[in-house]
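> Sequence below, structure please.
(chains A and B)
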Amino acid sequence: MLKVSDLHAEINGKEILKGINLEVRPGEVHAIMGPNGSGKSTLSMVLAGNPMYNVTSGSAEFYGKDLLAMPPEVRSHEGVFLGFQYPVEIPGVSMMNFMRAAVNARRKYFGEPPMSAAEFLKLMREKRAIVELDNKLASRSVNEGFSGGEKKRNEIFQMAVLEPRLSILDETDSGLDIDALRIVAEGVNKLKTDRNATIVITHYQRLLDYIKPDIVHILYKGRIVKTADPELALELEERGYDWIKRELGEE
Amino acid sequence: MEKSLSQYIELYRETAEALDAGSAGVLNALRPEAARIIETLRLPRRGEENYETIDLPAILGREYGVNVGRLRLNVNPADSFRCGVPRVATSLAVMVNDELLPPSEKNFADPALEIDSLANMARKNPELVGRYYGRIADPANPLVALSTLLAQDGLWIRVRKGARIENPLQVVDILGGAVNMLTPVRIVIVMEECSELRMLLCGHTASGSTDQMLLQTMEIFAAPGSHLDIYDLEESAESTTRLSTVWLHQEADSSVLINGMTIYNGVTRNEYHCRYAGEGSELKLYGMGIADASRQIDTYARVDHDSPRCHTDELFKFSVDDRASCAFTGMVRVDYGACKTEAYQSNRNIIGSDEARMYSKPQLEIYNDDVKCSHGSATGQLDEMQLFYMRTRGLSAEEARMLLKQAFMADVIDCVRIPGLKERLAHIVERRFAGEGAGCHDCAMECPTV
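Residues are numbered from 1 along each chain as shown, chains lettered A, B, ... in the order given. Sure, this is the predicted structure:
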């Protein structure tokens, strides 16, 4: 579904991604790990279309279409979802209005009429249950005053509503306590089918105990330097990144 | 004398008799002094202190007629609007220019709420009206002087001692005419001791009107223990000029909320002059303005803390797009004796284009050291990260911007204390940002089917 070839990207003139190659097929779970500053978040931002990042060369195809040519909202309609590391607070915009606008924007894209109020409420109720999100959060402003755990659960809730074909979860585990981590991970697992795929970006093996990846990549200095089976994550946890650096002939 | 004002002095000299005949003694008595003031007046130029965007000499120099002969104008309120979603229960009164149409009896059954044409009331009870008319407004203020010179009528509202008016009052003022006109409107609101009123004032311009200039002067007297909420909504037209001054005199333990909202306009100057003349009072002074195309909204807000233990909350927000320009000049002055004052002043703005302009000057002048005061101003653009976040969920950039702008105005709308009005205003603001035109369906309220 996703084919990234030799992707280079920069922000404020500083090159962060230096030739990423990545292929994701339906039904797969990929984990991307790597030390701080290696470009993990940049990769997720570039794939989701953040206009602050500038793609200098390379390509990314999503089901044969040029992903990089699409504005962020079209990527969303086509089925790309980004779960933010730091979900953005939007004071004054209620979660309800936000989700209704999101759902109806997608329906419009596919030439469908807006969802009725009753249908929409039913959808919200169903999806909320997946991540045990409190009903009262729905009436509040988007992410405003949410705890760290609530914000991350809210991301997975939105993912459940939008039913993406490819979900990119950027450090969804950061800032979560053990219970919240379990709820979030279970939410992701519940949403998994053989038709969708997930890219999990994380620092820690811990999340991968809950969300089992098929493939683990190590991103270092803007490149994927190692791709292997899930054992790699365990090895990293044990040996740290220095081992990778040595393997690459550094230090 | 100012060249742009000489036409009005000439008009006054030529038509003094007709002016007086169409009005009442209390109003007429102040004209000669107003004329004397105008003859020596120098109008502030654009860019001068407290006049950042508005160009008074240019505006007043244009040729406008004044309806001295009090010809009945052919404005049918029912043609001007019909409210699509009337959901707010109010007692409704309608004004056409400066004239109050006879209110229906069933709407105003409560004898504690006195509402009348100002000239009428001044004829019936000159002693009462004379106690308030022209007493709170500063006669040397250029807009007041001009209004005092030419005003013939307006609105009188009095709430009797101890009365709590349950049903909100709504006054719709429709400005209109077939020629370019300057319309002075005087409003006097007297809140007697421990009285309570919430009112909504809707300023409209009749569709199909030529250039209209509203010169509105509102004097508010809040007696001890009184509570007053005023929501002053402008939904006029691009060809409308509004020059409005509000003068508030607050006595002890009174509570006043003024919320001035400019939804649609042409050129607007809103001045607020508020003074605490008694201890333990509070004022919530809020406002918002939405300006695009080449609209102008110039706001001046002055609060004089002349008494101890008073509390002011001030918040003004503007959204400025295209080539529009807005200004906020705020001044909170705390006098020597005004200990235990609390005054918080805030102005926040979003700018949506390179050519849009916002001028902001939040000021405090404090002469007492036992006070809590703050002032702040922030002007910026919509948050890129918020926009991006919303777009990743499928909202178009335009839709995301619209939602964020609505959200930006949310706290000004949230302060509304008339049931149902908050929701209506949120809807009006939503439609405004969606670019849907002003008009009947935008009108906030139950509009008349006269």
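
> ranges for the helices of chain B?
B:3-21, B:25-28, B:31-39, B:56-61, B:77-80, B:118-124, B:126-132, B:142-150, B:384-392, B:397-408, B:410-414, B:421-433 (DSSP state H).

> For residue B:235, find the nearest of those.
Proximity to residue B:235 (Cβ to Cβ) singles out helix B:421-433 among the helices of chain B, at 7.8 Å. Placement of C-beta: from N, CA and C, glycine included.

> just to revisit the earlier point, of the helices of chain B, which is nearest chain A?
Go through those one by one with Cβ to the nearest Cβ and the one that ends up closest to chain A is helix B:397-408, at 2.8 Å.

> Residue A:132 reaches residue A:153, doesn't it?
Yes - the pair residue A:132 and residue A:153 passes the contact test of Cβ atoms under 8 Å, sitting 7.3 Å apart.

> who in chain A is up against chain B?
If contact is defined as Cβ under 8 Å from any Cβ of the partner chain, the residues of chain A in contact with chain B are A:48-52, A:71-73, A:75-77, A:81-82, A:84, A:87-88, A:90-93, A:97-99, A:101-103, A:105-106, A:109, A:141, A:158, A:162.

> more neighbours, residue A:132 and residue A:153?
With other Cβ atoms under 10 Å in any protein chain shown as the criterion, residue A:132 and residue A:153 differ in neighbour count, and residue A:153 comes out ahead with 26 against 14.

> contacting residues for the more buried one?
By Cβ atoms under 8 Å, 6 or more residues apart in numbering or on different chains, residue A:153 lies in contact with A:131-133, A:180, A:183-184, A:187.

> can you tell me the helix or strand for it?
Here residue A:153 sits within helix A:148-162, counting by DSSP states H and E.

> Just want the residue of the stretch 1-150 of chain A that's nearest chain B.
residue A:92 (2.8 Å).

> next one: phi and psi at that residue?
The main-chain torsion angles of residue A:92 are listed as degrees, to the nearest 10 and equal phi 90, psi -10.

> isn't it right up against residue B:412?
No - Residue A:92 is not in contact with residue B:412 according to Cβ under 8 Å; the separation is 10.5 Å.

> Just the buried residues from the residues of chain A next to chain B, in ChimeraX please.
The ChimeraX selection below is limited to those of those classed as buried (16 or more other Cβ atoms under 10 Å in any protein chain shown):
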select /A:48,49,50,72,73,75,76,77,81,82,84,87,88,90,91,92,93,97,98,99,101,102,103,105,106,141,158,162
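
> Now, the residues of chain A next to chain B that are in helices?
A:48, A:72-73, A:75-77, A:97-99, A:101-103, A:105-106, A:109, A:158, A:162.

> do stretch B:401-416 and chain A meet at all?
Yes - on the criterion Cβ under 8 Å from any Cβ, stretch B:401-416 is in touch with chain A at B:403-404, B:406-411.

> Now the helix or strand of chain A with the lowest mean pLDDT - C-alpha only, PDB.
For chain A, using mean pLDDT, DSSP states H and E, the weakest element among its helices and strands is helix A:135-138, scoring a mean of 79. Output of helix A:135-138 as PDB, limited to C-alpha atoms (Å, rounded to 0.1, in the frame of the first residue of the first chain):
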ATOM      1  CA  ASN A 135     -18.400  10.600  27.400                       C
ATOM      2  CA  LYS A 136     -17.700  13.900  29.000                       C
ATOM      3  CA  LEU A 137     -14.500  14.400  27.000                       C
ATOM      4  CA  ALA A 138     -16.700  14.500  23.900                       C
END
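
> Only the buried residues of it, if you could.
Of the residues in helix A:135-138, those with enough neighbours to count as buried (16+ other Cβ under 10 Å) are A:137-138.

> Who are the packing partners of that helix?
Other elements packing on helix A:135-138 under the criterion 3 or more Cβ pairs under 8 Å, 6 or more residues apart in numbering or on different chains; DSSP states H and E are helix A:95-109, helix A:117-130.

> show me the contacts for residue 173.
No chain was given, so I picked chain A. By Cβ under 8 Å, 6+ apart, residue A:173 lies in contact with A:181, A:184-185, A:202-204, A:206-207.

> meant chain B actually
Shown here is residue B:173, whose contacts under the criterion Cβ under 8 Å, 6+ apart are B:94-97, B:185, B:201-204.

> same thing but 6 Å
With contact set as Cβ atoms under 6 Å, 6 or more residues apart in numbering or on different chains, residue B:173 has these partners: B:95, B:203.

> Residue 196 - how many residues pack around it?
Unless you meant another one, I'm taking chain A. By other Cβ under 10 Å, the residues close to residue A:196 number 20.

> Actually, chain B is the one I wanted.
Number of residues near residue B:196 (other Cβ under 10 Å) recorded here: 18.

> mind listing what's buried in the helix or strand hosting residue A:17?
If you go by DSSP H and E, residue A:17 is part of strand A:14-24. The neighbour-count criterion (16+ other Cβ under 10 Å) identifies A:16-18, A:20, A:22, A:24 as the buried residues of strand A:14-24.

> now swap in stretch A:178-189 and tell me
When neighbours are counted by 16+ other Cβ under 10 Å, the buried residues of stretch A:178-189 are found to be A:180-181, A:183-188.

> can you give me phi and psi for residue A:191?
Recorded main-chain torsions at residue A:191 are phi -90, psi -10, according to degrees, to the nearest 10.

> For it, give its distance to chain B.
Taking Cβ to the nearest Cβ, to the nearest Å as the measure, residue A:191 and chain B are separated by 16 Å.

> ok, now which ones touch that residue?
The neighbourhood of residue A:191, defined by Cβ under 6 Å, 6+ apart, consists of residue A:160.

> ok, which residues in chain B are in contact with chain A?
Listed as neighbours of chain A in chain B under the rule Cβ under 6 Å from any Cβ of the partner chain: B:385-386, B:388-389, B:391-396, B:403, B:407, B:410.

> can the helices and strands packed on helix A:135-138 go into a markdown table with extra columns for distance to residue A:63 and mean pLDDT?
As requested, those are arranged in a markdown table below (distance: least, Cβ to Cβ, whole Å; pLDDT from 0 to 100):
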| stretch | distance to residue A:63 | mean pLDDT |
| --- | --- | --- |
| helix A:95-109 | 15 | 94 |
| helix A:117-130 | 24 | 92 |
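
> In CSV, list those helices along with distance to residue B:176.
Output for these, formatted as CSV (distance: least, Cβ to Cβ, whole Å):
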stretch, distance to residue B:176
helix A:95-109, 36
helix A:117-130, 39
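
> between these, which one is nearest to residue B:62?
helix A:95-109 (43.4 Å).

> what distance separates that closest one from the centre of its chain?
A distance of 19 Å separates the centroid of the chain from that of helix A:95-109, by Cα atoms, centre = their mean, to the nearest Å.

> Using the centroid of chain B, identify the residue furthest from it.
Within chain B, the residue lying farthest from the chain centre (Cα atoms, centre = their mean) is residue B:392, at 40.7 Å.

> gap between it and residue A:24?
Plainly put, residue B:392 is 18 Å away from residue A:24 if you go by Cβ to Cβ, to the nearest Å.

> same question, residue B:305
Noted for residue B:305: a distance of 65 Å to residue A:24, by Cβ to Cβ.

> what does residue A:79 give?
Here the criterion is Cβ to Cβ. By it, residue A:79 lies 12 Å from residue A:24.

> what's the answer for residue B:234, then?
Going from residue B:234 to residue A:24 by Cβ to Cβ gives 55 Å.

> same thing with residue B:182?
Remark: distance between residue B:182 and residue A:24 (Cβ to Cβ) = 69 Å.
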